[in-house]
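Undergrad: 3D model of this:
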Amino acid sequence: MPYKNQFEQDVIEGLQQPQKQLSSKYFYDETGDKLFQQIMNLEEYYLPESELEILKTRTADIAKHIEVDKFDVLELGAGDGRKVVYFLEELTRLGKEVTYYPFDISSDVLKTNMANVKDKLPYLEINPIAGDYSKTLPAFAINTPKIILFLGSNIGNYNDERAIEFLRWIRSNMQVDDILLMGVDLRKNPKTILKAYNDSQGVTKAFNLNVLHRINRELGGNFDVDAFDHYPFYDPISGITYSYLVSLKAQVVQIGEHKIPFKKDELLHTEVSQKYSLEEIENMQKETGFHSVQHFLDSKSYFSISLFSQVSE
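TA: Coordinates of the predicted model:
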């Protein structure tokens, strides 16, 4: 029986694996977007505040590495734009002429992004691009110099091999003078990291479970969402945070014509979040063919915005 769409195919094939899994990209429907914005405001979730500090205080230093005065800023997985607006605002203050292209799979969040950026920069040209950026970025045909932003530690959602593949793919979509700015969550006290993925208010739990609600609503599934729990853990040796859903009982879930059995306490893998050392970021730069990388850190050294360049300084 053919699948209705890519979402259904990915869900069924993922749930039929020996280790059941769902792609984290399907967290982001309208409800998921709202829950993620709540996560971004949690005290335990240090990442946004750390990255925002860099964008507020280090953009002038970053701009010293941008040799042209007119360029496009392409942000992959742009989200609501509340952080990047500080970067864009500082660039315009420094006399740079910028056109902003936010790329995101969610058209809803792009509307919020445009409203937030326009609120502070009403005259900035913004061209939102909705869809999977693995398809929309290669179709981007404008040849002006560009900065590609990949913020929010999104690189951490890939394992080591996929992260290298992804950076090589980004580089293949860049011209020689283009720059990549990548947000990277750094290794730190394991307790600090684990709290960020297991907050006291249960918002991260609701965010993780929401993917089951989405399957029920969009694919006609019958997940008993209350029969699953959220389980994250952090391995400080590998630097990986894992997120799982745990089946609290033996059960069979039906999605269309497909029946998926779960054992009691069986794990459903939903997300990874890799944390890096500066040395690991520099190894990625060498493996992917970039000429150099510079790091811009927050005051606690929790986070880096790392600038990847294809030319020597």
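Undergrad: what distance separates stretch 110-126 from the centre of its chain?
TA: Its chain's average C-alpha position is 20 Å from that of stretch 110-126, according to CA atoms, centre = their mean, to the nearest Å.
Undergrad: Now that stretch: average pLDDT?
TA: Summarised as a single mean, pLDDT over stretch 110-126 is 95.
Undergrad: Check stretch 142-153 too.
TA: What stretch 142-153 shows for mean pLDDT is 90.
Undergrad: what does that stretch contact?
TA: For stretch 142-153, contacts defined as CB atoms under 8 Å, 6 or more residues apart in numbering pick out 47-48, 51, 66, 68, 70-79, 83-84, 87, 99, 170, 173-175, 177-185, 273, 303, 305. C-beta here means a position set from N, CA and C on the backbone, and glycine is covered the same way.
Undergrad: Now with 6 Å, please.
TA: Outside stretch 142-153, the residues that touch it by CB atoms under 6 Å, 6 or more residues apart in numbering are 47, 68, 71-76, 177-183, 185.
Undergrad: Now that stretch: buried residues?
TA: Within stretch 142-153, the residues scored as buried using 16 or more other CB atoms under 10 Å are K146, I147, I148, L149, F150, L151, G152, S153.
Undergrad: From the opening residue of that stretch to its closing one, how far?
TA: This stretch, stretch 142-153, spans 26 Å end to end (CA to CA, to the nearest Å).
Undergrad: what do you get for stretch 120-134?
TA: Using CA to CA, the end-to-end distance of stretch 120-134 comes to 29 Å.
Undergrad: swap in stretch 130-144?
TA: End-to-end span of stretch 130-144 (CA to CA): 21 Å.
Undergrad: Just checking the distance from it to the centre of its chain.
TA: 17 Å.
Undergrad: Give me the most central residue, the chain.
TA: Centrality entry for the chain: nearest residue to the mean C-alpha point is N154, 3.1 Å, by CA atoms, centre = their mean.
Undergrad: what's near enough to touch that residue?
TA: Residues in contact with N154, defined by CB under 6 Å, 6+ apart, are G77.
Undergrad: same thing but 8 Å
TA: Going by CB under 8 Å, 6+ apart, N154 touches L76, G77, G183.
Undergrad: again with S24
TA: S24 sits next to N157, S243, T270, E271 when contact means CB under 8 Å, 6+ apart.
Undergrad: Next one: it from S243, what distance?
TA: Using CB to CB, to the nearest Å, we find S24 at a distance of 8 Å from S243.
Undergrad: can you tell me the helix or strand for the closest residue to K120 other than its chain neighbours?
TA: Distances taken as CB to CB, 6 or more residues apart in numbering place V85 nearest to K120, at 5.1 Å, with adjacent residues excluded. Assigned by DSSP states H and E, V85 falls within helix 84-93.
Undergrad: Show me the contact partners of that helix.
TA: By CB under 8 Å, 6+ apart, the residues outside helix 84-93 that reach it are 52, 55-56, 59-60, 63, 73, 75, 78, 98, 100, 102, 116-117, 119-121, 124, 149, 151.
Undergrad: For the stretch 201-313 of the chain, just list every one of the helices.
TA: Using DSSP state H, counting those that start in this stretch, the helices of the stretch 201-313 of the chain run over residues 203-219, 278-287.
Undergrad: Repeat that for the stretch 51-200 of the chain.
TA: Going by DSSP H, counting those that start in this stretch, the stretch 51-200 of the chain shows helices at 59-63, 84-93, 107-120, 133-136, 160-172, 190-196.
Undergrad: so which of those comes closest to Q310?
TA: Closest to Q310 of these is helix 160-172 (CB to CB; 7.1 Å).
Undergrad: what angle do the closest one and helix 278-287 make?
TA: Angle of helix 160-172 versus helix 278-287, following axes from the mean of the first three to the mean of the last three CA atoms, to 10 degrees, is 50 degrees.
Undergrad: Endpoints of stretch 284-294, how far apart?
TA: Using CA to CA, the two ends of stretch 284-294 sit 12 Å apart.
Undergrad: I'd assumed V253 was in contact with G220.
TA: No - G220 is not in contact with V253 according to CB atoms under 8 Å; the separation is 11.3 Å.
Undergrad: Which one's more surrounded, the two?
TA: V253 (20 against 13; other CB atoms under 10 Å).
Undergrad: Tell me what that one is bridged to.
TA: Counting by DSSP bridges, V253 is bridged to I260.
Undergrad: Overlap in contacts, S24 and S243.
TA: Taking CB under 8 Å, 6+ apart as the contact rule, S24 and S243 both touch T270, E271.
Undergrad: Show me what counts as buried in stretch 122-138.
TA: The neighbour-count check on stretch 122-138 (16+ other CB under 10 Å) flags L124, I126, P128, I129, A130, Y133, T136, L137 as buried.
Undergrad: and it, how far out from the chain's middle?
TA: Taking CA atoms, centre = their mean, one finds stretch 122-138 lying 15 Å from the centre of the chain it belongs to.
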